[in-house]
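**Q** this one's structure only:
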């Protein structure tokens, strides 16, 4: 099954039209139709917005495999929407120098240990 196949399968599960999907992702309807008719896949820069709109992980979209239960390896990354509270925290952290980052991580560790 291709990435496009998984997208169309998920749209059917969500009862979401291609038009609605187009509006929510900002991807043109003609591009989406091309995936179906020419059996092509979306470009890499579209993957994250697609995952957000159809509420799946990039791992599932790209491979069809979902890391659930105790099967598979634990993911070594997170997908974070930069327009959320945690996204703004990550942005601020990335803008800090290494000394400030280390200090913040020390504070977080101390706070986590408070019972």
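**A** That came through, no problem. Computed from a prediction, not measured in an experiment: that's the story for all the values here.
**Q** Can you give the domain ranges for the chain?
**A** The chain breaks down into these domains under automatic domain parsing: 3-63, 80-115.
**Q** now the last one: mean pLDDT?
**A** To tie it back to what came earlier, the one meant is domain 80-115. Domain 80-115 comes out with an average pLDDT of 90.
**Q** Which parts of this protein are helices?
**A** Ranges of helices within the chain are 3-14, 18-25, 29-37, 47-54, 58-63, 85-95, 98-113, based on DSSP state H.
**Q** Could you dump the ones you listed into JSON lines with mean neighbour count and distance to residue 79 added?
**A** Where C-beta positions appear, they are placed from N, C-alpha and C, glycine not excepted. JSON lines is the format used below for the helices of the chain (neighbours: other CB atoms under 10 Å; distance: least, CB to CB, whole Å):
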{"stretch": "helix 3-14", "mean neighbour count": "16", "distance to residue 79": "16"}
{"stretch": "helix 18-25", "mean neighbour count": "15", "distance to residue 79": "15"}
{"stretch": "helix 29-37", "mean neighbour count": "14", "distance to residue 79": "21"}
{"stretch": "helix 47-54", "mean neighbour count": "17", "distance to residue 79": "7"}
{"stretch": "helix 58-63", "mean neighbour count": "16", "distance to residue 79": "6"}
{"stretch": "helix 85-95", "mean neighbour count": "11", "distance to residue 79": "10"}
{"stretch": "helix 98-113", "mean neighbour count": "10", "distance to residue 79": "21"}
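**Q** Those helices into a markdown table, with extra columns for distance to residue 78?
**A** Compiled in a markdown table, those are given as follows (distance: least, CB to CB, whole Å):
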| stretch | distance to residue 78 |
| --- | --- |
| helix 3-14 | 21 |
| helix 18-25 | 21 |
| helix 29-37 | 27 |
| helix 47-54 | 12 |
| helix 58-63 | 11 |
| helix 85-95 | 9 |
| helix 98-113 | 16 |
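**Q** Mind pulling up the pLDDT for residue 69?
**A** 53.
**Q** I meant to write residue 56 there.
**A** At residue 56, the pLDDT recorded in the model is 90.
**Q** for residue 75, same thing?
**A** Residue 75 is given a pLDDT of 56.
**Q** Many thanks, I have nothing further to ask.
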